[in-house]
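[1] One predicted model, sequence on top.
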Amino acid sequence: MRPDGLAALPKQALETAVSARSPLTPDLPRQAALARFLKRGFPSTRAEDWKYTDLSAAIDVTRDWLAAGAVSGIPDSLADDAAALTGNIDASWVVVGNGQIVGDLPAESGKDGIVVERLSRAAVEPSIEQPLADLNAALLTDGLHVRVPKGARPSRPLGILYLDQTDEDPLVSLQRAVIDVEAGAQIAVIEYHASKGRGGHYSNTQVELSVGDGGSIDYVRLQNRDRAHSQTQRLGVTLARDSAFRHFALDLGGALTRNDLTIDIAGPGAEARFDGLYIAGDGQHIDNHTRVDHRVGPARSAQEYRGILRGQCRAVWNGKAIVHEGADGTDAVQGNHNLLLSEGAEIDAKPELEIYADDVKCAHGTTVGQLDESALFYLRSRGIGPSDAQRILTHAFAASIVRELPIGRLSDAVNTLIDRRLGDSLAMESA
Amino acid sequence: MLRIQNLTARIGDTEILSGLSLSVEAGEVHAIMGPNGSGKSTLAQVVAGHADYEVTAGSVEFKGQDLLELEPEERAREGVFLGFQYPVEIPGVNNAYLLKAAVNAKREHRGQDEIDAFEFMKLAREKMAMLGMDQKFLSRGVNEGFSGGEKKRNEILQMAMLEPELAILDETDSGLDIDALKAVAGGVNALRSPDRAIVLVTHYQRLLDYVEPDFVHVLSDGRIARSGDKTLALKLEAQGYDWVKEAVGA
Amino acid sequence: MSTEPENIESLVNQRYKHGFITDIETDALPPGLDEDVVRAISARKNEPDWMLEWRLRAYRQWLAMREPEWAHVHYPPIDYQEISYFAAPKSDADRPKSLDEVDPKLLETYDKLGIPLHERARLAGVAVDAVFDSVSVTTTFKDKLSEAGVIFCSFSEAVENHPELVEKYLGSVVPQRDNFFAALNSAVFSDGSFVYVPKGVRCPMELSTYFRINAANTGQFERTLIVADEGSYVSYLEGCTAPMRDENQLHAAVVELVALKDAEIKYSTVQNWYPGDENGKGGIYNFVTKRGDCRGANSKISWTQVETGSAITWKYPSCILRGDNSTGEFYSVAVANNFQQADTGTKMIHIGRNTSSTIVSKGISAGKAQNAYRGLVKVMPQAHDARNYTQCDSLLIGKECGAHTFPYMEIKNPGAHVEHEATTSKISANQLFYCRQRGISEEDAVNMIVNGFCKEVFNELPMEFAVEAQALLNVSLEGAVG
């Protein structure tokens, strides 16, 4: 069978781009990654995991970008825009602009400090053989390696801003971060995606996170890209004994968004809590795939994703929990709740359980519906107009999951983003 | 009837009973009291044969035979009844069905014929009337959606139907309003007889106002710290459990 | 103390109760499949040309199709040329006209199966069509049914006597090329049952078909078509058994239901094909396509299934809710023990306005079995005010089995209310201990708890079937717990 999405791709330009990058960091295994990618191409909707998400938009941008020489300059305005986005969020920020680290890396600060470096070779080797990870590895030019040393507990969160800007030209950004939280260490990380510009854009992010024995991480991903841009993002997490991972994902922007969160529970006593909120409007497609592998027990995983859809849009949520043989004492819960607020909106939800151990407790619940009629009526009977009543209840629906946000100091910033996005969405209705 | 000697038991790596001894004779009512975590419920569960508890030393004899050798259902058929602190819900299983299966298991064990369906219903209705229970409980799932009080009454109904020789009631009084408490106490008193022993495991004196015990024991750190008559319960009520610990520690 | 699953498992050693082989002469085609075989089957049944053409079209389409691989089941490749596609008891040449003429050995078979073919049938008010290997043997109560205008006969008779009905509805719910196994069935189906309930008629009794595969190396490909005309009602029961054989046998049936305006069809199945032995040897491959079309407004189709047999079960009784206000239901108990594999569930396709569907699935896995629920709830853009409720529970008995849930929800209308809940857990140690403390043996306690777990589904079965289903469940799990 022919690999998917490659027919349109200028293969020669791709090979040239990969070769041109080799002298920059000669020890990266680019050619092997390229060879694997060329064998399989982009994931297609024929694959079960991609059934509901068509990557054509990202493929088109990649084609144009390669044809134009696969260059990614950094516009002068980027630093200012980055400062504006991060200004009111208290964190140590690293800015990655158009796939390049911009400015200085935070310095190591005392015994609580974290070590932030440019990627070394070992960290770049893709940990999974998956076409999008291979494409990333073949074309990557810069990346981050974050180490939180044993027992360290930095007081400020680490922020990583992925900001992409292109005025006219097509742009593909390849981004990678490897984060090691060592035994007993504890940290909060913010991963923030934003983009602007009229040019076509596709961002491909790969994050590898490992948490050592007794370590803990609070991880918030915010995505508010331009609504014409595309991204695929993967966060792979490995959890050791008694470690904790708390995650919140917010998706507001992007034309085509696909996030993969895969969690490997490799040590007993580990706990993973991951939640998300997606708000989709006209022309948006937001796909969240989560997968948690319970390899040992006892351990707990719990997730709840909520979606608000209005306009010609589509959201996909696929939550998979696999309890492997012998992972006794597993407790896995999945929840997914969606508000469908207009014609043309579509949700495809698939909560999956695969269980090969018997001493387990697993459950999932999924709902698709509208705002509660009786609550709407109640508010209106108190004199609140229908559109206000709708707004209040929609906010409440979102708030009930935002409450779980693991990094408390982020809640103002997150609520502002959500308010603005819902404001747009609901204004559309009354227009 | 029941002779417990030097019983030591643990759950996982935690030892809960540490050399407990207790003798209960037919016709007696014993109350076992003690603070949370003293091992009261563990004692009840071990006598009934719960698999989570491992007996590491000591013996439990019931009517002269080694109780620890028997499976839980064999102990039940021999006449040991445990009224659970938290009766489990069994969705879809009809309450009457379970009750009848239990009655027949016991009858079969004694070499008796199965109970006649008419006879069974008659008996069940009688006992339910005595406990102030609505007939509809019979057709509902076992404890399914029952309130706390309903569950406890249901335990007493089962006890009344099974007519055990040794009834251990684990915190049967907890979470009951005064009406339910009286109904439960009435059920227990109705079963008092010279051939039967009753062990009440309780945290408070309250139930003992209605069911008067012959003996009161106080558990502390997995063994009986003090035994006495009903006045001991009143003293506990007035002074709390700390003085028992102090007395033991002294 | 033996609440541990290891002990629980040691109790599974119950022999398959229906595993006898009936020693009667069969008239079978040699193994193999080509156009000539399709023609031969059609010729033996004296079919009209259109029927033969229909089969041949299906056969040609099948040739171009691939066996599906997406299900959570594993089995060695099937050699479709090693299967015999037609086997009939020899006496088929001059078919019996009444029960008295039926080969007594056959009747004995049905007696062993506990099928209420004679008086018991009359008492139970059940009309039975029995399909033995590939042909329909006898249909009881024809007279009483024809008084009501209900047609209940073998598929072959329907082709002969009611060709206009068959031609109109056959393949209208499950097209020939719907899937690999449906296409194969369309080419080689040998017999099955046909039901037509005329306008406004409430079928006076439960209709029932018992299927049995007897001959060795034979596939069974029956076809069932039920049409409920406007305002009518019918309840249909289906039971299946097969003898114990070391080879795997293929069963690829197609069931099509059509409910017109205001009509209701209730379809109940107790499937107890031979599941293979405790080492996974032998057993039926049950690859079945069942679909109902709620074609008219206010129509209703309800599937209830109790699946205890088969080495592999691959079936998804589905409802197409085309008519406004139509209703689809799916109630299922699937038990898999030893090496059984089940991948079963349903599809509810909401098309009309104000349609509703209910799915209740109870899966029980024991031994080394794999049991998967796979379901689709699809609400089309024009399906305003669609409602779905899905409850999907799995019970695990033992450490080596698997329980899986793959529900798909594709919702394209903002008025839809879709609710899906699923749980998976092992049989509760607390429930077991509670029952045992009341003097009930562990095995009885397990049966009691499992039956309670399945109660919602059993409640949907007609009385006599519910009793049989409960007994089967206990037999299937015997020894799974101990």
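    That came through, no problem.
[2] What mean pLDDT does the lengthiest helix in chain A get?
    Identified as the longest helix of chain A according to DSSP state H is helix A:411-430. Confidence over helix A:411-430, taken as the mean pLDDT, stands at 80.
[3] Identify all contacting residues around it.
    Helix A:411-430 is contacted from outside by A:88-89, A:220, A:222, A:224, A:250, A:252, A:277, A:279, A:281-282, A:308, A:310-311, A:341-342, A:387, A:390-391, A:394-395, A:398, A:402, A:405, using C-beta atoms under 8 Å, 6 or more residues apart in numbering or on different chains. Glycine gets a C-beta too; all of them are placed from N, C-alpha and C.
[4] Close to chain C as well: tell me which of the residues you listed qualify.
    Restricting the contacts of helix A:411-430 to those within reach of chain C (C-beta under 8 Å from any C-beta of the partner chain) leaves A:341, A:342.
[5] Out of the contacts of helix A:411-430, which sit inside helices?
    Under the assignment DSSP H, the contacts of helix A:411-430 contribute A:387, A:390, A:391, A:394, A:395, A:398, A:402 to helices.
[6] Tell me the buried residues within these.
    A:390, A:391, A:394, A:395, A:398, A:402 (16 or more other C-beta atoms under 10 Å in any protein chain shown).
[7] Stretch C:434-443 and chain B, are they touching?
    Yes. Looking at stretch C:434-443 against chain B by C-beta under 8 Å from any C-beta, the contacts come from C:434, C:435, C:436, C:437, C:438, C:439, C:440, C:441, C:442.
[8] Quick one: distance of that stretch to the chain centre.
    Its chain's average C-alpha position is 34 Å from that of stretch C:434-443, according to C-alpha atoms, centre = their mean, to the nearest Å.
[9] Identify the bridge partners of residue A:351.
    Beta-bridge pairing for residue A:351 (DSSP bridges): residue A:319.
[10] Run through the residues that contact it.
    Neighbour list for residue A:351: A:318, A:319, A:334, A:336, A:364, A:365, A:366, C:405, C:407, C:420, C:422 [criterion: C-beta under 8 Å, 6+ apart].
[11] Would you agree the second one is in contact with residue A:305?
    This means residue A:319. Yes. Using C-beta atoms under 8 Å, residue A:319 makes contact with residue A:305 at a distance of 7.2 Å.
[12] so what sits against both of those two?
    In terms of C-beta under 8 Å, 6+ apart, residue A:319 and residue A:305 are both contacted by the residues A:290, A:336.
[13] Extract the C-alpha trace of the top helix by length along chain C and format it as PDB.
    When chain C is parsed with DSSP H, its longest helix is helix C:442-458. What follows is the C-alpha trace of helix C:442-458 in PDB, where atoms were taken according to Å, rounded to 0.1, in the frame of the first residue of the first chain:
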ATOM      1  CA  GLU C 442     -19.800 -20.100  47.000                       C
ATOM      2  CA  GLU C 443     -20.900 -21.500  43.700                       C
ATOM      3  CA  ASP C 444     -24.600 -20.700  44.400                       C
ATOM      4  CA  ALA C 445     -23.600 -17.300  45.600                       C
ATOM      5  CA  VAL C 446     -21.800 -16.600  42.400                       C
ATOM      6  CA  ASN C 447     -24.700 -17.800  40.300                       C
ATOM      7  CA  MET C 448     -27.000 -15.700  42.400                       C
ATOM      8  CA  ILE C 449     -24.800 -12.500  42.000                       C
ATOM      9  CA  VAL C 450     -24.200 -13.100  38.200                       C
ATOM     10  CA  ASN C 451     -27.900 -13.600  37.600                       C
ATOM     11  CA  GLY C 452     -28.600 -10.500  39.600                       C
ATOM     12  CA  PHE C 453     -26.100  -8.600  37.400                       C
ATOM     13  CA  CYS C 454     -28.000  -9.800  34.300                       C
ATOM     14  CA  LYS C 455     -31.400  -9.200  35.600                       C
ATOM     15  CA  GLU C 456     -32.300  -6.200  33.500                       C
ATOM     16  CA  VAL C 457     -31.700  -8.200  30.400                       C
ATOM     17  CA  PHE C 458     -33.500 -11.400  31.600                       C
END
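[14] what about it, distance to the chain center?
    Shown here is helix C:442-458, whose average C-alpha point lies 22 Å from the average C-alpha point of the whole chain (C-alpha atoms, centre = their mean).
[15] next structured bit after that helix?
    Scanning forward in sequence from helix C:442-458, with DSSP states H and E defining helices and strands, the next element found is helix C:463-477.
[16] Quick check: buried residues in that next one?
    Of the residues in helix C:463-477, those buried under the neighbour-count criterion (16+ other C-beta under 10 Å) are C:464, C:465, C:466, C:468, C:469, C:470, C:472, C:473, C:474, C:475, C:476, C:477.
[17] what's the nearest residue to the fourth one once chain neighbours are set aside in contact with, if anything?
    In this structure, residue C:468 finds its nearest non-sequential neighbour in residue C:270, 5.9 Å apart by C-beta to C-beta, 6 or more residues apart in numbering or on different chains. For residue C:270, the residues meeting the contact criterion (C-beta under 8 Å, 6+ apart) are C:237, C:238, C:239, C:240, C:305, C:306, C:308, C:461, C:465, C:468, C:469, C:472.
[18] Tell me which stretches of chain B form strands.
    Across chain B, reading from the start of the chain, the strands by DSSP state E fall at B:2-11, B:14-24, B:29-33, B:54-62, B:65-66, B:80-83, B:90-94, B:141-142, B:166-170, B:197-201, B:215-220, B:223-228.
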